[in-house]
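Colleague: show me how the following folds:
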Amino acid sequence: MTGCSNDDGASSANSGEIGMELTSDIKAASMDESVHSFFQDKIQKAYLDAGYHAKDGFSLKENTCFRIDSKEELKAMYQGTDELPEIDFSKYTLLLGSKVYCDFDTDVENIQQVLTESRNSYNLNLISTHREGDWGSASITLQILYYGFYPKLKDKEITVNLIYE
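Modeller: Okay, here's the model as predicted:
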C-alpha cells in the first residue's frame with residue numbers, strides 16, 4: 001500500500017497555467033455493482049462512525065490517500081467483519097482516500113474524479129462545482145471521501161488536487 005500526496009490548497013479550474021508536459025486521462029475501470037455498493041457503504045461508515053475511525057469500514061483520517069494494489073493491502077485498511085469483494089488486483093489499482101477543506105456553497109455529493117498521467121506522476125483531480133445561491137454564507141469544513149478503480153497503475157507518485165469549477 002502506497003500513500004498519495006495531497007495538494008494542501010484548492011485551485012480554480014480557471015487559475016494557473018498548463019505546463020508543457022503532456023498528460024493523458026485514465027478512464028476509471030468499470031466494476032461490478034456489488035463492489036461499488038460495498039465501498040459506498042463502508043466509506044460512508046468511516047465518516048459516520050466515531051470521527052473518521054471506522055468500526056466497520058475504512059479508517060480514513062483527514063487528507064489521506066492510499067494506493068491499494070493487492071488484497072493484502074486492502075485487508076490491512078479494512079476494519080470490518082464483512083467479506084471483502086473479489087477484485088482482480090493484477091488488473092486494477094484502487095485509490096481510496098479523504099480530502100478535507102473549508103468552503104461554502106460546494107456540492108460535495110457530486111464530486112467528479114479525473115485521473116491524469118504525465119511522464120513522472122499521476123494527478124487525481126477531485127472536481128467540485130459551486131452551488132447556485134448566496135455566496136455570502138459562512139465557510140464550513142467539508143470532507144470528501146472517495147474511491148476509484150483504475151487499470152493497473154505504474155509505480156509513480158500520485159497527487160490529489162481539489163479543483164472548483
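
Colleague: for the rest of this, base every contact and every neighbour count on C-alpha atoms.
Modeller: OK.

Colleague: from what I can see Q79 touches G57, true?
Modeller: Yes. Contact criterion CA atoms under 8 Å: Q79 and G57 qualify, at 5.3 Å.

Colleague: what about the two, which has more around it?
Modeller: G57 (26 against 17; other CA atoms under 10 Å).

Colleague: give me the phi and psi for the nearest residue to that one once chain neighbours are set aside.
Modeller: Distances taken as CA to CA, 6 or more residues apart in numbering place K42 nearest to G57, at 4.4 Å, with adjacent residues excluded. K42 adopts backbone torsions of phi -70, psi -30, taken as degrees, to the nearest 10.

Colleague: give me the distance between K42 and Y147.
Modeller: Using CA to CA, to the nearest Å, K42 is found at 11 Å from Y147.

Colleague: T64 now?
Modeller: 12 Å.

Colleague: more neighbours: which of K42 and Y147?
Modeller: Taking neighbours as other CA under 10 Å, K42 and Y147 compare with K42 leading, 22 against 17.

Colleague: could you verify my assumption that that one touches Q79?
Modeller: No. When contacts are counted by CA under 8 Å, K42 is not listed as touching Q79 (9.4 Å).

Colleague: what about the chain, any weak spots by pLDDT?
Modeller: Within the chain, the stretches with pLDDT under 70 are 1-23, 44-56, 59, 102-110, 130-142.

Colleague: what are the ranges of the strands in it?
Modeller: Along the chain, counting by DSSP state E, strands occupy 2-3, 5-12, 24-26, 64-68, 92-103, 112-117, 121-128, 140-151, 157-164.

Colleague: buried ones in the third one, by neighbour count?
Modeller: Okay, so that is strand 24-26. Buried residues in strand 24-26, counting neighbours by 16 or more other CA atoms under 10 Å, are absent.

Colleague: what residues does that strand touch?
Modeller: Under the criterion CA atoms under 8 Å, 6 or more residues apart in numbering, residues 114-118, 150 lie in contact with strand 24-26.

Colleague: who wins for most neighbours among these?
Modeller: L115 (20 neighbours).

Colleague: is that residue in a bridge, and if so with what?
Modeller: Partner residues in beta bridges with L115, using DSSP bridges, are I26, L124.

Colleague: what sits against it?
Modeller: L115 neighbours (CA under 8 Å, 6+ apart): 25-28, 122-125.

Colleague: which single one of the residues you listed is nearest to K91?
Modeller: The closest of those to K91 turns out to be A28 (CA to CA; 12.2 Å).
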